[in-house]
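>>> here are the coordinates; sequence isn't available:
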């Protein structure tokens with residue numbers, strides 16, 4: 001029997017077992033009551049009425065943010081959630097396997113996940129079903145709708161129940177609550193969100209005298225060139241939507257590419273520089289040693305900062321709080 005034939009049989013068996021499990025629980029599912037995770041959530045979560053301990057009853061039938069039906073025969077225990085590990089850790093959960101670029105996982109989470117094996121997404125490509133199946137997940141969380149368009153969802157849903165977000169990082173509060181609900185960790189989700197909100201409010205008060213009316217930009221360097229980080233996700237969201245920096249018109253214009261020729265147009269009072277794992281050394285040197293860079297007001301005023309760490313290029317409560325702490329340390333001295 002070939003490897004591909006073996007995988008096909010395993011996937012088929014998985015689907016049959018899931019179908020039988022769902023069938024055995026059909027009576028319970030038909031008596032289920034609909035429950036919303038939160039009025040702000042994009043997807044709906046439906047299932048059996050919760051027990052007195054506020055834990056979901058199983059089996060649960062729910063719909064993800066893309067309208068796909070997901071059946072959870074039992075409480076998930078082995079989670080595969082690439083690019084959502086931050087949220088899992090914030091809820092006190094370790095994934096069964098963690099996302100990696102091919103060279104390393106998210107380093108800012110390794111104090112909690114150092115013993116969790118990695119699975120490679122080298123070149124941006126998700127691992128083949130065989131590699132995922134080897135870790136025997138009982139719930140897969142996919143952080144954006146691209147996984148449906150690329151066909152990844154159709155493969156992964158045969159391995160385990162798979163929930164797809166439209167874009168988990170664009171509404172972090174909602175996605176944290178959804179993950180909390182899926183894992184029976186709603187209390188932990190609310191506690192994590194409250195801790196984050198308090199962290200933001202404290203930082204805003206401390207930073208207000210330094211950044212009021214000031215614009216900020218983030219420049220990322222990697223092996224392909226120089227790019228702006230937009231303001232709708234990751235550290236760009238933190239600076240503008242959470243801390244109160246004003247957006248640069250150049251960064252907001254739509255083009256993420258930066259060149260030395262366009263640099264004079266950059267209207268930013270503060271500039272943060274991120275070299276992606278050292279892959280953008282040549283481009284960073286070209287920029288910071290150029291005459292036009294040295295003539296910029298932000299440079300002459302000492303308001304340019306080189307920041308380290310992949311939390312600047314990640315989404316999640318933990319990543320965002322680390323970015324906030326970095327900004328406080330650099331500006332509110």
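Sure thing, it's come through. Bear in mind the structure is a predicted one, so any value in this text is a computation, not a measurement. Residues are numbered from 1 along each chain as shown.
>>> who's in contact with the nearest residue to residue 283 once chain neighbours are set aside?
Of all residues not flanking residue 283 in the chain, residue 221 sits nearest, at 4.7 Å (C-beta to C-beta, 6 or more residues apart in numbering). Every C-beta, even on glycine, is put in place using the N, C-alpha and C of the backbone. By C-beta atoms under 8 Å, 6 or more residues apart in numbering, residue 221 lies in contact with 227, 273, 274, 275, 276, 279, 280, 281, 283, 284, 287.
>>> same list, those residues, but as a markdown table with neighbour count and pLDDT please.
Formatted as a markdown table, the contacts of residue 221 follow (neighbours: other C-beta atoms under 10 Å; pLDDT from 0 to 100):
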| residue | neighbour count | pLDDT |
| --- | --- | --- |
| 227 | 19 | 97 |
| 273 | 20 | 98 |
| 274 | 24 | 97 |
| 275 | 18 | 96 |
| 276 | 17 | 91 |
| 279 | 14 | 92 |
| 280 | 23 | 95 |
| 281 | 12 | 96 |
| 283 | 21 | 97 |
| 284 | 21 | 97 |
| 287 | 19 | 98 |
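>>> mind putting the residues you listed in JSON lines, secondary structure included?
Listed next are these as JSON lines, based on DSSP: H, G, I helix; E, B strand; the rest coil:
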{"residue": "227", "secondary structure": "strand"}
{"residue": "273", "secondary structure": "strand"}
{"residue": "274", "secondary structure": "strand"}
{"residue": "275", "secondary structure": "strand"}
{"residue": "276", "secondary structure": "helix"}
{"residue": "279", "secondary structure": "coil"}
{"residue": "280", "secondary structure": "coil"}
{"residue": "281", "secondary structure": "helix"}
{"residue": "283", "secondary structure": "helix"}
{"residue": "284", "secondary structure": "helix"}
{"residue": "287", "secondary structure": "helix"}
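>>> return the member of those nearest to residue 319.
Relative to residue 319, the closest of those is residue 274; by C-beta to C-beta it sits at 12.7 Å.
>>> next up, the contacts around that closest one.
By C-beta under 8 Å, 6+ apart, the residues touching residue 274 are 218, 219, 220, 221, 229, 235, 306, 307, 312, 313.
>>> quick check: closest non-adjacent residue to the second one.
Spelled out, that is residue 219. Residue 219 sits nearest to residue 273 (C-beta to C-beta, 6+ apart), 5.3 Å away.
>>> separation between the one you found and residue 83?
From residue 273 across to residue 83, the span is 24 Å (C-beta to C-beta, to the nearest Å).
>>> same question, residue 209
From residue 209 across to residue 83, the span is 36 Å (C-beta to C-beta).
>>> between those two, which one's more packed in?
Each of residue 209 and residue 83 has its neighbours counted (other C-beta atoms under 10 Å); residue 83 has more, 20 against 9.
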